[in-house]
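# Based on what follows, work out the 3D shape:
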Amino acid sequence: MSNLNKEEIKRLIIAGWKCDEFPNMCPLASHKNKIHFLLEDSCGDHSQEELAKNDNYSGREGNSVVLHIGEIKALLSPQQNTEDILVIPPGRFAFFMTREIINMPLDCDGTLFMNPRVSNRGLLFFTLGHIDPGFRGKLTGTFLNTTSREITIEKKEDGVLYLVISRLDKPSRPHARTHEHPQLKVDETVRDLSFSMNPGFALTTENFATKKDLENTRNLLIAVISISIAIFSVVVALVKLM
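Below is the predicted model of the structure:
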């Protein structure tokens, strides 16, 4: 197994690949002579040649494909989720699909990594991992703003994920569901969400109690309990005198 280099990635973006290249692997008659492009722009703003030549998609260097934010599922205002920007409030989860469509060849698999230039701002990414041979559609991810400030992402400029593609020793039969029915709409996947999109918490000292905070809280509770006991004792004594 070896990782595809930049030229191999560009070739798969421009020329694509066919299921016919892998005999007896794909049972779908509709895929006969059909060209699958490794990377497609779902918005139609870029041709295959432009995607391959644009470092913001095919990767500035190395063997990665750069992926951007597309549809979003999160509790955000219209101003926080526009065509150009995404603003993630502190402590907020968001579920997203990539803008790009991936068509993985049957002799390749992929691994998703977060872009450190984005994650270093304070975004924690979840649901990253392995992309099966033959997968078709948009990829999904979940992130959490772990800071006490808003984080803004430029949707068309800030690539949030890196997809590293590896060539397998031999082709693999694709999973029927993900190969025949591309994952293209966020509503098709949101039913499987297992997290709350309500505001969460920010992983900062402002939201976590320090040792001093705990000591102050303990002393306050002791004082309140002591005063309550004293008042109760006085009340009991007065009742006995009556």
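# Next secondary structure element downstream of the helix or strand hosting residue 162?
Residue 162 belongs to strand 161-167 when assigned by DSSP states H and E. Using DSSP H and E, the next helix or strand after strand 161-167 towards the C-terminus is helix 176-180.
# how far is the helix ranked longest in the chain from where the chain is centred?
The longest helix of the chain (DSSP state H) is helix 211-241. In this view, helix 211-241 has its centroid 50 Å away from the chain centroid, taken as CA atoms, centre = their mean, to the nearest Å.
# go on, stretch 84-93?
With CA atoms, centre = their mean, you get 13 Å for stretch 84-93.
# now do stretch 110-123
9 Å.
# That stretch: which residues count as buried?
Neighbour counts over stretch 110-123 (16 or more other CB atoms under 10 Å) mark 110, 112, 114, 115, 118, 119, 121, 122, 123 as buried. The C-beta positions use only the backbone N, C-alpha and C, and glycine is treated the same way.
# Just the residues you listed: which are in strands?
110, 112, 114, 123 (DSSP state E).
# Redo those as JSON lines? Include distance to residue 142.
As requested, those are exported to JSON lines (distance: CB to CB, whole Å):
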{"residue": "110", "distance to residue 142": "18"}
{"residue": "112", "distance to residue 142": "12"}
{"residue": "114", "distance to residue 142": "11"}
{"residue": "123", "distance to residue 142": "10"}
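# and residue 117, what is it in contact with?
Applying CB atoms under 8 Å, 6 or more residues apart in numbering, we find residue 117 in contact with residue 158.
# That should have said residue 84, apologies.
If you count contacts by CB under 8 Å, 6+ apart, then residue 84 has 154, 155, 156 around it.
# Confirm for me that residue 41 is in contact with residue 99.
Yes: contact criterion CB atoms under 8 Å: residue 41 and residue 99 qualify, at 7.0 Å.
# Please identify which of these two sits among more neighbours.
residue 99 (21 against 18; other CB atoms under 10 Å).
# could you measure the more buried one against residue 18, distance?
For residue 99, the distance to residue 18 equals 25 Å [CB to CB, to the nearest Å].
# and stretch 91-100, what's its mean pLDDT?
For stretch 91-100, the mean pLDDT works out to 91.
# what's the offset of that stretch from the middle of its chain?
The mean C-alpha position of stretch 91-100 is separated from the chain mean by 5 Å, CA atoms, centre = their mean.
# try stretch 98-114
Using CA atoms, centre = their mean, the offset of stretch 98-114 from its chain centre is 14 Å.
# ok, back up a step: can you list the strands that the strand holding residue 162 pairs with?
Sheet pairing of strand 161-167 (DSSP bridges) gives strand 2-3 (antiparallel), strand 64-67 (antiparallel), strand 108-114 (antiparallel).
# Can you tell me the centre-most residue of this structure?
In the chain, the centroid-proximal residue (CA atoms, centre = their mean) is residue 141; its distance is 2.3 Å.
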